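Participant: Task: produce atomic coordinates for the following.
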Amino acid sequence: MEIVKTNGLDIAYERVGGGPPLVFVHGAAEDSRVWRPQLAALADEFTVVAWDEPGAGRSSDVPADFGLADYAGCLAALIEALALGPAHVAGLSWGGTVAQELYRHHPELVATLIFIDTYAGWKGSLPEDEVRARLAGARQMLAAPADEFDPAFSGLFAGDPPAEFVPLLAEIAIAVRPASLRAQLMVMAEADQRDLLPQIAVPTLLIWGELDVRSPLSVARQFERAIPDTQLVVIPGSGHISNLEQPEQFNRTVREFCRSHSQGRFGH
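Facilitator: Next comes the predicted model:
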């Protein structure tokens, strides 16, 4: 784990491999460890970087009044500090929302976008009653005593979580900071990036779990209709965290897409 400093914050990240840069952006209540299968599988062909966003993993706490543009600014600072741009940028769930905002403010740092079971913000992708229900559930979870706080991963997989990743998911859950999650969920609930989608001018890959109940396929269709140069790959039998549920198919899909859009651009 390495550290970049930006705007007084420590941003931790993992970096492996060599080749065209591929940056992974994790979802809410997660950290860079959720990308462990991708770091292991794709480092033979790409420089793979997975960050801990502010408030997650080994990065600094989220400052007060930290907004979506601030998360994107920190991600931009990491890409610039490591001289990775323009990079393939892949975001899962909330991480895809951050990746969209990165593109809004720093398109020069983005070669392609990979959106995985994501949203154009909750407000931009979900019905109002669903957003209200999610916020109510989150407030109830966050109101629990510290020793009972449990950011469970229930509902994020089509079935039970893959047995090989259950210990990893438990480690990630234990490390979640309630204050960070509270700030993040408020940002997510208010985010609406529908205006941005038609403006995305880089090749874009959508990877969606067929059985995702958090960000259903109807959201993927929203992205597919709005983004000019896009392709959708649906992973059968997978839920919201398809990179862990079906890692081989996920990794193959990412590899083929990034390879096809690395020729010439990165000198490979």
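Participant: Not counting the helix or strand hosting residue 11 itself, show me its contacts.
Facilitator: Residue 11 belongs to strand 9-17 when assigned by DSSP states H and E. Residues from elsewhere that reach strand 9-17 (Cβ atoms under 8 Å, 6 or more residues apart in numbering): 1-5, 32, 35, 39, 42-54, 57-60, 63, 74, 77-78, 82. Every C-beta, even on glycine, is put in place using the N, C-alpha and C of the backbone.
Participant: Restricted to strands, list the residues you listed.
Facilitator: Using DSSP state E, the subset of these located in strands is 2, 3, 4, 5, 47, 48, 49, 50, 51.
Participant: ok, the residues you listed vs residue 19, which is closest?
Facilitator: residue 47 (5.7 Å; Cβ to Cβ).
Participant: contacting residues for that closest one?
Facilitator: 15, 16, 17, 18, 19, 20, 21, 22, 84.
Participant: any idea how far residue 262 is from the spatially closest residue to it that is not a sequence neighbour?
Facilitator: Using Cβ to Cβ, 6 or more residues apart in numbering and skipping the chain neighbours, the partner closest in space to residue 47 is residue 21 (4.7 Å). Residue 21 sits 10 Å away from residue 262, going by Cβ to Cβ, to the nearest Å.
Participant: Likewise for residue 206?
Facilitator: Counting by Cβ to Cβ, the gap from residue 206 to residue 262 is 19 Å.
Participant: what angle sits between the next helix or strand after the strand holding residue 11 and strand 9-17?
Facilitator: Downstream of strand 9-17, the first helix or strand assigned by DSSP H and E is strand 21-25. Orientation note: strand 21-25 sits at an angle of 130 degrees relative to strand 9-17 (axes from the mean of the first three to the mean of the last three Cα atoms, to 10 degrees).
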